[in-house]
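using only what follows, build the 3D model:
(one chain, ligands or ions: 1)
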Amino acid sequence: VKPSPEFPAKSTGDWDAFASLWIAQGAQRVWRRHHDAVNLRFLTRWLPSGAARVLKTDLFDEAVGEGLYATLAAHARSVVGVDISRVVATAAATRHPSLRASVGDVRRLPFDDESFDVVVSDSTLDHFSSVDEIATALAELRRVMMPGGTLILTLDNLGNPFVALRAVLPRSAFDFVWGRFGRLAARIAPNPPGVTFGIRRLERLVSAAGFRVCERGSILHCPRVWAVLAADQLEQRGSPRAEQRFLDALLRFEALEALPTRFVTGHFVTVRAVR
Ligand SMILES: C[S@@+](CC[C@H](N)C(=O)[O-])C[C@H]1O[C@@H](n2cnc3c(N)ncnc32)[C@H](O)[C@@H]1O
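Residues are numbered from 1 along each chain as shown. All right, here's what the predicted structure looks like:
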């Protein structure tokens, strides 16, 4: 595989390069609006009000779109964000000057014990190559949380057929796509996935890390491949009214979260847990 000049094939795990390419072309602008809307829908249900300090793991949402910051800030006195990528943390801080963004690894957080009363972690822990790393990250989240604090966690849902299929594709397939078609890939392709679970295994792991799971769910129920491609086409057209109609239609798929099939249709599994 010949590396494309803008994205070297060997560095698909390099979040700085990935984010730089994405941010440079304003990729997935419409899709990210839907992604934010879906996350905000369940976050506003689960976030306790009047928190002192909220920690958000990874700042990708805030770097490439509006993200979740405004809602988190409305529920807490201060919002701290951490991302392993300096490019992502810098872009998020530029967009949201009152966000306290830092560069760090969720497996070894640069914060004191019991610093936060809420931790929001949306699809950060599903980028590792082993279960042990996820367990390490959960232990670290627990360490920085105050007793009685709330953890709101989402992971890619292995019970969803698309996620399950993506999980068995060899890493070289992602390297090929990103190496050959870097710009196009940033517009429509998923980044390489990591180890992840369905809802039952997630609950077991969160409990084993010393949390009490209070609520479970699943979100983002639209057919993702079709929706990302359609969103990309709409971006090329540049019609705000058509974009809004499309986003309204996508959000209606979230009604599927009320059905018993929710842990098959949802792209992410979610838990609210208390330390
Ligand atoms: C592709 S994004 C997806 C997450 C995003 N919240 C979402 O739902 O779209 C992954 C983000 O996690 C960050 N990240 C990856 N590994 C990390 C780690 N070990 N600690 C902190 N951030 C990490 C990356 O830099 C990137 O910004």
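
does Ser121 sit in a helix, a strand or a coil?
Under DSSP: H, G, I helix; E, B strand; the rest coil, Ser121 falls in the strand class.

please report the distance of it from Ile152.
Computed as Cβ to Cβ, to the nearest Å, the Ser121 to Ile152 distance reads 7 Å. In short, each C-beta sits where N, CA and C put it, glycine included.

neighbour-wise, which of those two wins?
More neighbours surround Ile152 than the other of Ser121 and Ile152, with 23 against 20 (other Cβ atoms under 10 Å).

report the beta-bridge partner residues of the closest residue to the more buried one other than its chain neighbours.
Ranked by Cβ to Cβ, 6 or more residues apart in numbering and with sequence neighbours excluded, the top spatial neighbour of Ile152 is Val120, at 4.9 Å. Taking DSSP bridges, one finds Lys56, Ile152 as the beta-bridge partners of Val120.

so, low pLDDT: which residues of the protein?
In the predicted model of the chain, residues 1-13, 177-192 satisfy pLDDT under 70.

can you list the residues of it near the ligand?
Remark: the part of the chain in contact with the ligand comprises 15, 57-58, 60-61, 82-85, 88, 105-107, 122-124, 127, 191, using Cβ under 6 Å from any ligand atom.

show me which of those are buried.
When burial is judged by neighbour count using 16 or more other Cβ atoms under 10 Å, the buried members of these are 15, 57-58, 60-61, 82-85, 88, 106-107, 122-124, 127, 191.

narrow those residues to those in strands?
Secondary structure assignment (DSSP state E) places 57, 82-83, 122 from those within strands.

which parts of the stretch 101-250 of the chain are helices?
Using DSSP state H, counting those that start in this stretch, the helices found in the stretch 101-250 of the chain span residues 131-144, 161-168, 171-180, 182-188, 199-208, 224-237, 240-252.

adding mean neighbour count, write these out as a markdown table.
Formatted as a markdown table, those follow (neighbours: other Cβ atoms under 10 Å):
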| stretch | mean neighbour count |
| --- | --- |
| helix 131-144 | 19 |
| helix 161-168 | 14 |
| helix 171-180 | 17 |
| helix 182-188 | 19 |
| helix 199-208 | 17 |
| helix 224-237 | 15 |
| helix 240-252 | 14 |
